[in-house]
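1. sequence? don't have it. structure:
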């Protein structure tokens, strides 16, 4: 499986949809490889592979639809074209990161807390700073 930072495009945007798609695809390929250990019968092996591919692809589209409904990803323009053609934009995922999540859009992180419990507010601020420092150290 590839590291997440290999899915950052030339504009600095994390290609979330492609990353999740490729991760699911890698899991599917591993499952298919394991299936070859189950049987020497070519018919059973073919049926196993077909069912496995169908299941993983179905789950990818189910997951993609849920992420689309939350405006995390959106359909790639290639979806209106032939699905069998490999798309250089989405790399086969058929979805791309939403315009609302581009690197230019996400620049600010804020925390809104109640002043009723100052101790919790301070802990949240410290934790947020730690997370931001960790994320920035992971950046390319």
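-> Done, it's in. Note that the coordinates shown come from a computational prediction; the quantities given were computed from them, not determined experimentally.
2. centroid-nearest residue for the chain?
-> What sits nearest the mean C-alpha location of the chain, by C-alpha atoms, centre = their mean, is residue 20, with 2.6 Å.
3. hey, where'd the strands end up in the protein?
-> Ranges of strands in the chain, per DSSP state E, are 73-75, 95-97.
4. can these go into CSV with extra columns for mean neighbour count?
-> From N, CA and C alone the C-beta is placed, and that goes for glycine too. Formatted as CSV, these follow (neighbours: other C-beta atoms under 10 Å):
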stretch, mean neighbour count
strand 73-75, 20
strand 95-97, 23
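5. so which of those is nearest residue 24?
-> When the strands of the chain are compared by C-beta to C-beta, strand 95-97 sits nearest residue 24, at 12.0 Å.
6. okay, buried residues for the least confident helix or strand in the chain by mean pLDDT please.
-> Scoring the helices and strands of the chain by mean pLDDT, DSSP states H and E places helix 118-138 at the bottom, with a mean of 78. Residues of helix 118-138 include none that count as buried (16 or more other C-beta atoms under 10 Å).
7. all helices of the protein, in order?
-> In the chain, the helices defined using DSSP state H lie at 16-35, 42-69, 118-138.
8. and those: which comes nearest residue 10?
-> Here helix 16-35 is closest among these (C-beta to C-beta), at 13.8 Å.
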